[in-house]
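>>> just the structure for this:
(2 chains)
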Amino acid sequence: MKSNGRSGTRETAIAAVALLIVLVVPFVHRSPAFEDFVIRLSAMALFATSLNLLVGNTGMVSFGHGMFYGLGAYAFALMMQMTELSLPVAAMLAVLFTTLAALCVGAICVRLSTDYFAFITLAFQMLIYSVIISWQSLTGGDQGLRGGLPRREIFGFDLASQLHLYQCCAVVAVLGLLALRHISASPFGQTLRMIRDNESRTGFLGVVLWRARLWAFTIAGGFAGLGGVLAALFVSGAYPELADWPNSGQAIFAVMLGGINSFLGPVLGAAMLLALNDVVARVTEYQGLVLGIVILIFALGLRRGVLDFFRVAWSKDSQ
Amino acid sequence: MKLEIRHLTKSFGGVRAIDDVSLTFPSGSLSAVIGPNGAGKSTFFNLISGAFAPDAGEVLLEDHDVVGRSKTERMQLGIGRAFQVASCFPSMTVAENLMAAVTARIGEWGNIVRRFPPPGVRERAGEVMELVGLTHVENVEAAILSHGDQKLLDIAIALALEPKVLLLDEPTAGMGPDERWRMIERVRRLWDQRKLTLVFIEHDMDIVFQVASTIRVLCYGRVLAEGTPDQIRNNQAVIDAYLGKEEHAA
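Just a heads-up that it's a prediction; the model follows:
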């Protein structure tokens, strides 16, 4: 067995190399489409991976994860528009706000059994979506927050420049994913897997089940909020669709497509989903139909996410 | 550690599953609980380990009542249990199962800063693995272990919590005759090495009469008899209710 210290270092090294490659690409070749893609992927990857902390690690299927994505985006955009706070401070406060919101929602939801947990998270999402739609004076209602985000430089970075936004999003996403990876590899992450595997035995080992679930829900909400901040930067505002339930569905698709039992599964799933969306949108207007078929093929053909599929195939080969 | 039960009662919708049961398990004893199906044996264990709250009565651990304490507190006070249907963490390896249990035992389950396993945990899990004889399957996922090894792992998880009193619900359930004896031998060794107060539920009368120093017979939620194997073997009420006319000479 490999030692923990080393595998932690190895992950950091892999992340650093990946980040370096992403940062170097624009200096070799500028492609606005690719840069757009990476920016959207950063937001989506954080969103989907944080959801997988609940779905894959803990076995809690939340249908309302989009509410925290949307809340993060609105909190950040509103703070930028209404205050003079610097961008990193506004971003951190937005994430903090989302984390607290997740703590409150989670406190009500996590004691419910699986089915009802899924329902009530969906209900909370609808509630938050309705509030965003109806509170026109603050949120702009169904038009969304318009007028853009005020330009504020951070350390010489101007986020109105696509290149700078690209670099910033890549760094934030990689750091966020590393943090999530660390949590999933911690004793707490192991506790979440114990709950997924055998809840009643976990209770007999002295784990306070509701507390572990609530922490997981809160952390996941916070990281979804961070994804929302990136989304708000990309669209220069916030739209109610970010907090709507089809958006939660996108995250669930990403998780299922990529694989729930591999840490990078949701990232791959998010990339596949975004790429599919882009390609399909160019060819036909019936995007949903095509997407649905593709997902069905994966679900029925592989019976698991892509990364999980390869992992199982690989471990069978090596036996 | 002495385990004493006083006037324990538990009903499920009008049925008295445990009806005014009083029993004492002296420190370091090895006792069997027997009785026909539905006698309340598993319920009895559930009441001691804190899975259910009793309607009345006391569960005394070294003369301290633990009724009203949570499962976690009882675990910390030293009550451990294994289950009738092996209860482990199927997606994890044997080593991970035990490291997870030790991590929970030392109160590190919520730690988000460290990496799993925390320092020292691997060693302690290794000791337990060696004690029960699971070292050869250390890196095998629990889901694909043999039935017997899963039962052993279940007991090992309980042992990783360092119990003083260990309750084993049918440790030999679902095993063939040879495997049963191997299992019970291991259990007896554990009891001896760890100086446990061990209580086990068992249906195989040969095993019960040979291994247990005292036997308690439950029937319809009540204590029908208790005593040494010889006393139980010749007890007319037990023969009528449970043993029947079969030969039980060892």
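>>> farthest from the middle of chain B: give me that residue.
B:Val113 (34.3 Å; C-alpha atoms, centre = their mean).
>>> in the helix ranked longest in chain B, what's buried?
Of all segments of type helix in chain B, defined using DSSP state H, the longest is helix B:177-194. Buried residues in helix B:177-194, defined by neighbour count with 16 or more other C-beta atoms under 10 Å in any protein chain shown: B:180-181, B:183-184, B:186-188, B:190-191. Placement of C-beta: from N, CA and C, glycine included.
>>> what lies in contact with that helix?
B:30, B:131-133, B:148, B:151-152, B:155, B:159, B:166, B:168, B:171-172, B:175, B:196, B:198, B:200, B:202, B:204, B:207, B:211 (C-beta atoms under 8 Å, 6 or more residues apart in numbering or on different chains).
>>> who in chain B is up against chain A?
B:49, B:51, B:71-72, B:75-76, B:81, B:83, B:87-92, B:95-96, B:99-101, B:103-105, B:107-118, B:139, B:157, B:161 (C-beta under 8 Å from any C-beta of the partner chain).
>>> contact partners for B:Leu145?
B:94, B:137, B:153.
>>> same check on B:Pro90?
So B:Pro90 contacts A:197-198, B:141-143 (C-beta under 8 Å, 6+ apart).
>>> could you export the buried residues of helix B:177-194 as a markdown table, including pLDDT?
Formatted as a markdown table, these follow (pLDDT from 0 to 100):
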| residue | pLDDT |
| --- | --- |
| B:Arg180 | 91 |
| B:Trp181 | 90 |
| B:Met183 | 90 |
| B:Ile184 | 92 |
| B:Arg186 | 90 |
| B:Val187 | 92 |
| B:Arg188 | 92 |
| B:Leu190 | 90 |
| B:Trp191 | 92 |
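>>> A:Gly106: which of these is nearest?
Nearest to A:Gly106 among the buried residues of helix B:177-194 is B:Leu190, at 40.8 Å by C-beta to C-beta.
>>> which other helices and strands does the helix or strand bottoming out on mean pLDDT in chain B contact?
Sorted by mean pLDDT, DSSP states H and E, the helices and strands of chain B end with helix B:236-238, the least confident at a mean of 85. Helix B:236-238 sits against strand B:222-227, with contacts defined as 3 or more C-beta pairs under 8 Å, 6 or more residues apart in numbering or on different chains; DSSP states H and E.
>>> now do the strand it packs on, average pLDDT.
For strand B:222-227, the mean pLDDT works out to 89.
>>> the longest helix seen in chain A and chain B, any residue contact?
Using DSSP H, we find that the single longest helix of chain A is helix A:209-235. Yes. Applying C-beta under 8 Å from any C-beta, one finds helix A:209-235 touching chain B at A:211-212, A:215.
>>> host element of B:Ile215?
Per DSSP states H and E, B:Ile215 falls inside strand B:214-219.
>>> okay, that strand in PDB with CA atoms only?
Taking Å, rounded to 0.1, in the frame of the first residue of the first chain, the C-alpha atoms of strand B:214-219 are listed here in PDB:
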ATOM      1  CA  THR B 214     -23.200 -20.900  31.600                       C
ATOM      2  CA  ILE B 215     -26.300 -21.100  29.400                       C
ATOM      3  CA  ARG B 216     -29.400 -19.000  29.500                       C
ATOM      4  CA  VAL B 217     -32.500 -20.200  27.900                       C
ATOM      5  CA  LEU B 218     -35.000 -17.700  26.600                       C
ATOM      6  CA  CYS B 219     -38.600 -18.700  25.600                       C
END
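>>> and the angle for that strand with strand B:222-227?
Orientation check (axes from the mean of the first three to the mean of the last three C-alpha atoms, to 10 degrees): strand B:214-219 against strand B:222-227 gives 160 degrees.
>>> pull up the pairing partners for strand B:214-219, direction included.
strand B:30-34 (parallel), strand B:222-227 (antiparallel) (DSSP bridges).
>>> average pLDDT across that strand?
91.
>>> ditto for stretch B:4-18
Here the average pLDDT along stretch B:4-18 is 90.
>>> cool, and stretch B:130-144?
Averaging pLDDT along stretch B:130-144 yields 93.
>>> any idea how far that stretch is from the chain center?
20 Å (C-alpha atoms, centre = their mean, to the nearest Å).
>>> can you give me the end-to-end span of it?
Stretch B:130-144 has an end-to-end distance of 20 Å (C-alpha to C-alpha, to the nearest Å).
>>> quick one: A:Gly106 is in a strand?
No. Counting by DSSP: H, G, I helix; E, B strand; the rest coil, A:Gly106 is not found in a strand; it is helix.
>>> tell me where the stretch 151-300 of chain A has strands.
A:153-154, A:157-158 (DSSP state E, counting those that start in this stretch).
>>> returning to what we had before: so which of the contacts of B:Leu145 are in helices?
Reading helices off the contacts of B:Leu145 with DSSP H, I get B:94, B:153.
>>> where in chain A is pLDDT low?
A:1-6, A:153, A:155-157, A:318-319 (pLDDT under 70).
>>> which pLDDT value does the model give the residue nearest to B:Phe45 when sequence neighbours are not counted?
The spatial neighbour of B:Phe45 that comes closest, neighbours along the chain excluded (C-beta to C-beta, 6 or more residues apart in numbering or on different chains), is B:Leu167 at 4.9 Å. Note on B:Leu167: pLDDT of 94.
>>> in the helix or strand harbouring B:Leu167, which residues are buried?
Per DSSP H and E, B:Leu167 falls inside strand B:165-169. By neighbour count on 16+ other C-beta under 10 Å, the buried set for strand B:165-169 is B:165-169.
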